[in-house]
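> Only the shape, not the letters, is given here:
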């Protein structure tokens, strides 16, 4: 019922009464001008201190409850944020703010800047999916589709922080990382199978070359020499290195080495060591085993036209003559007389 504006006056009095009730715990000598603002600051400070205390007290129980470190950190962050948020609401009530007005203001503000907040909201939702899908965990070694490789240092609601192998930090919004192809080298089994191609000549002893390549891999550190087959899903693969004929190329026969490494953290070092041992093994081999590389042979015959040669005499003067391939003159002899 509206009676000469009493409803508006009653709402104002309700606000003042609520604020006064919160400061009634203060003695009279502390109710100086600005005492409400000071009380709000103290409430907010106590809320921040209480949030840190709760995080310390709940840290171990939450870590034991959740196996994934990222989820445990997210839960503790939510507890801290909720505690600070409640203290902020209580502090706002001390200085006269009403929760209803704040909610309406936030709703209007969100409607105005919804387009600006959309990427942030998207990252938060994608962060929830990352935590739920568990594609990787803190400490895992991953590789992005652009070749960036590193260790996951932190996973939050908004972003994922990667510590790259180049000793740099890469912060990727969760909205972007869910759209990328991510290779996880540390998921469950750290053993990783790699491939290395070696091109040998057609004249090489192929069985001997394959044996030398396999032995070079077995003699390299961090390579699995042998043992039981390694199971990947429903398939099983030999644990020892294996060399196979991959292709017959234009310049040689392509041999492909398949091998397993114990840990994926020094892939380039392992590959370099294998290549070094292969080169040394080929050089010391008793049979014909050579690495292939492109060769070009220029053949002149009767259909190739004429070749132009320059013959230099004893005085250093050069003369140019056109001769067919069958009648090319010989170069001058060492005694200074030019032969014709």
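Now that the structure is in, tell me what you want to look at. The structure presented is a predicted model; accordingly, all values stated were derived computationally and were not measured.
> Now for residue 267: which residues touch it?
Contacts here follow CB atoms under 8 Å, 6 or more residues apart in numbering; on that basis residue 267 touches 192, 194, 261. Where C-beta positions appear, they are placed from N, C-alpha and C, glycine not excepted.
> how about a cut-off of 6 Å?
Shown in contact with residue 267 (CB atoms under 6 Å, 6 or more residues apart in numbering): no residues.
> Number the chain from 460, please
Okay, using 460 as the starting number, the last item reads as residue 726.
> Now the residue nearest to residue 719 when sequence neighbours are not counted: phi and psi?
Excluding its sequence neighbours, the residue lying closest to residue 719 (CB to CB, 6 or more residues apart in numbering) is residue 683, at 4.3 Å. When quoted as degrees, to the nearest 10, the phi and psi of residue 683 stand at phi -70, psi 120.
> Next one: residue 683, what pLDDT does it get?
Residue 683 is assigned 93 on the pLDDT scale.
> Next: residue 546.
pLDDT recorded at residue 546 is 79.
> swap in residue 477?
Looking at residue 477, its pLDDT is 47.
> what does residue 783 give?
pLDDT, residue 783: 48.
> Secondary structure element holding residue 506?
Counting by DSSP states H and E, the element that carries residue 506 is helix 494-524.
> one step back: would you check that the residue nearest to residue 719 makes contact with residue 718?
No: here residue 683 does not reach residue 718: they are 7.3 Å apart, not a contact under CB atoms under 6 Å.
> For the nearest residue to residue 500 once chain neighbours are set aside, grab the count of nearby residues.
The shortest distance from residue 500 to any residue other than its chain neighbours is 7.2 Å, reached at residue 550 (CB to CB, 6+ apart). Neighbours of residue 550 under the rule other CB atoms under 10 Å: 22.
> Show the backbone phi and psi for residue 550.
In terms of degrees, to the nearest 10, the main-chain angles of residue 550 are phi -70, psi -40.
> Show me what the helix holding residue 506 is packed against.
Contacts defined by 3 or more CB pairs under 6 Å, 6 or more residues apart in numbering; DSSP states H and E place helix 494-524 against helix 528-553.
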